[in-house]
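Undergrad: Below are the sequence and a predicted model; questions follow.
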Amino acid sequence: MDINEVRNEIKNKRNKNKQNINKKSSKKLTKFLLTIVLTLTTLILLKSNTKLKTIFYEKVFTKNFNFATINKIFKDKFGSPIPFSEAIIQKETTPVFNEKLEYTEKSKYLDGVKLTVTKNYLVPTIESGMVVFIGEKENYGNTVIISGIDGIDIWYSNINASSLKLYDYVEKGSFVGESKDTNIYLVYKKDGKVLNYEEYI
């Protein structure tokens, strides 16, 4: 192989690398622009049409709207909604907390189930989903509601909420909070209807 062939080969490799970088950059830019266009279109339509605004608020805020499912569909089709997140967040990281729910006793409690756990038990999520509520619920105490990707809302009650924030996406087995005593309460709901907990625990 003479020196000209080596130079041509190096030149070809550089060109291929540039093309790959350009393709990846344009893909990420397209995702970013698509997210902006969808958001702006929705906001403009809601601002200009009061009937549509009423329907939107009724479906999203009054009724049970599954943000986790929308988030999963978006991720499957377009990747992360956060542009360039692959460069910022390393995907090879392993979770620090990845547990299964453990308890010694269970019994019916109001709309759900009371589980007996160890004191200061670190409560894991049962399914992946999005946090849609953090606060007090009557007869349940401090509660975190996670809307699962399967459309089922799970209430985790009588816990000290951790660093979770509203609309955080949590993976199955990740940390929800710490039990306030030796009891936690779970409620399973879908489309506002209470489900039989025995089918899920």
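TA: Cool, the structure landed. Note that the structure is predicted; figures quoted are calculated from it, not measured.
Undergrad: Strands of the chain, start to end?
TA: Taking DSSP state E as the criterion, the chain contains strands spanning 105-109, 112-116, 122-124, 129-137, 141-148, 153-157, 159-161, 169-170, 175-179, 183-190, 193-194.
Undergrad: Just the pLDDT for the residue positioned nearest the centre of the chain.
TA: The C-alpha lying nearest the average C-alpha coordinate of the chain belongs to Tyr169 (C-alpha atoms, centre = their mean; 2.3 Å). Tyr169 is assigned a pLDDT of 89 by the prediction.
Undergrad: can you check Glu199 too?
TA: 88.
Undergrad: From the structure, what's the count of residues near it?
TA: For Glu199, the neighbour count with other C-beta atoms under 10 Å is 7. Every residue, glycine included, has its C-beta placed from N, CA and C.
Undergrad: try Gly112
TA: 21.
Undergrad: Can you name the residues bridging to it?
TA: Beta-bridge pairing for Gly112 (DSSP bridges): Tyr109.
Undergrad: follow-up on the earlier one: who does the residue nearest to the centre of the chain form a beta bridge with?
TA: Met130.
Undergrad: if I read this right, it contacts Met130, doesn't it?
TA: Yes: assessed by C-beta atoms under 8 Å, Tyr169 is found in contact with Met130 at 5.3 Å.
Undergrad: who's in contact with the residue nearest to Val187 when sequence neighbours are not counted?
TA: Sequence neighbours aside, Gly112 is the residue nearest to Val187 in space, at 3.4 Å (criterion: C-beta to C-beta, 6 or more residues apart in numbering). Under the criterion of C-beta atoms under 8 Å, 6 or more residues apart in numbering, the contact list for Gly112 reads Trp155, Ser157, Tyr185, Leu186, Val187, Tyr188, Val194, Tyr197.
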